[in-house]
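S.K.: A structural model of the following input is requested.
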Amino acid sequence: MSEEQDAPRARGGKTRKEPKLEEARLRQQAIGVRLRHMFEEVVNEPVPDDFLEILRRADGREGSGGDRS
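M.R.: Reported below is the predicted structural model:
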């Protein structure tokens with residue numbers, strides 16, 4: 001016999017395991033929503049001035065130094 005035939009059936013012919021699957025899907029969806037929210041918060045944070053200064057210095061060295069080999 002297959003697993004489908006062995007699984008206990010609820011009303012409407014659906015297996016009793018389906019509510020657990022639905023619950024798991026809802027949890028995954030909630031986790032996804034929270035992760036997207038957290039990601040958007042991080043993306044929208046301002047870049048610290050110290051980091052911007054480091055990037056400016058690095059850009060200046062590349063532009064004026066050329067190829068140093």
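
S.K.: pLDDT weak spots in the protein?
M.R.: Confidence mapping of the chain against pLDDT under 70 gives the ranges 1-17, 63-69.

S.K.: where do the helices sit along it?
M.R.: 3-6, 18-43, 49-65 (DSSP state H).

S.K.: mind putting the ones you listed in JSON lines, mean neighbour count included?
M.R.: Every C-beta, even on glycine, is put in place using the N, C-alpha and C of the backbone. Output for the helices of the chain, formatted as JSON lines (neighbours: other C-beta atoms under 10 Å):
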{"stretch": "helix 3-6", "mean neighbour count": "8"}
{"stretch": "helix 18-43", "mean neighbour count": "10"}
{"stretch": "helix 49-65", "mean neighbour count": "9"}
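
S.K.: next up, the contacts around Ile31.
M.R.: With C-beta atoms under 8 Å, 6 or more residues apart in numbering as the criterion, no residue contacts Ile31.

S.K.: now do Val43 against Arg36, distance only.
M.R.: Distance, Val43 to Arg36, by C-beta to C-beta, to the nearest Å: 10 Å.
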